[in-house]
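> Sequence below, structure please.
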Amino acid sequence: MGLPLPPGISVQIQPEQLEGELDPSSGALSLRFRSRFRFTLGPARQPVYQASDLVVDTALTSGSIEGLRHRRQGRPLDQDGRGQLVGVASIAPCQDAWLNAFLGLPDEALAVMEIQLLRA
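This next block holds a predicted model:
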């Protein structure tokens, strides 16, 4: 949503997969991204409320993407390894009715990531 989270609300991201391919000649990059997002209310050690995990599974690309509501163009890596990856993910409802209502699930999420790959 582009807004900071209010105090007491946190989102933990638990990555499960991030892999893909790079074409060094064109700078084109594509990655498969799968992660679980866990929303909690209250202190991190003993949350008052913990919602069911939301699963995000999408392809990120330096090319173009188009979903039902989102359209975006990424940017291939330049000579400094900088670029932009974009992706659209369909977010299915979770087992938590309150979170589904709050986020309007099912819905579509847009990911935009500025990246820099460093050379070893």
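
> low-scoring pLDDT stretches of this protein, where are they?
Within the chain, the stretches with pLDDT under 70 are 1-3.

> 50 instead?
Judged against pLDDT under 50, the chain has no low-scoring part.

> distance of Gly67 from Pro76?
Going from Gly67 to Pro76 by C-beta to C-beta, to the nearest Å gives 21 Å. The way it works is simple: take the backbone N, C-alpha and C, and place the C-beta from them, glycine included.

> what do you get for Pro93?
35 Å.

> Likewise for Ser64?
In terms of C-beta to C-beta, Ser64 sits 11 Å off from Pro76.

> same deal with Gln46?
From Gln46 across to Pro76, the span is 46 Å (C-beta to C-beta).

> Mind checking which of the two has more residues around it?
Pro76 (17 against 7; other C-beta atoms under 10 Å).

> what's that one sitting at in phi/psi?
Main-chain torsions, Pro76, degrees, to the nearest 10: phi -60, psi 160.

> what about the closest residue to it other than its chain neighbours, how many residues close to it?
Nearest non-adjacent residue to Pro76, counting by C-beta to C-beta, 6 or more residues apart in numbering: Gly27, 3.4 Å away. Counted with other C-beta under 10 Å, the neighbours of Gly27 add up to 17.

> could you list every residue that touches Gly27?
Ser62, Pro76, Leu77, Asp78, Gly83 (C-beta atoms under 8 Å, 6 or more residues apart in numbering).
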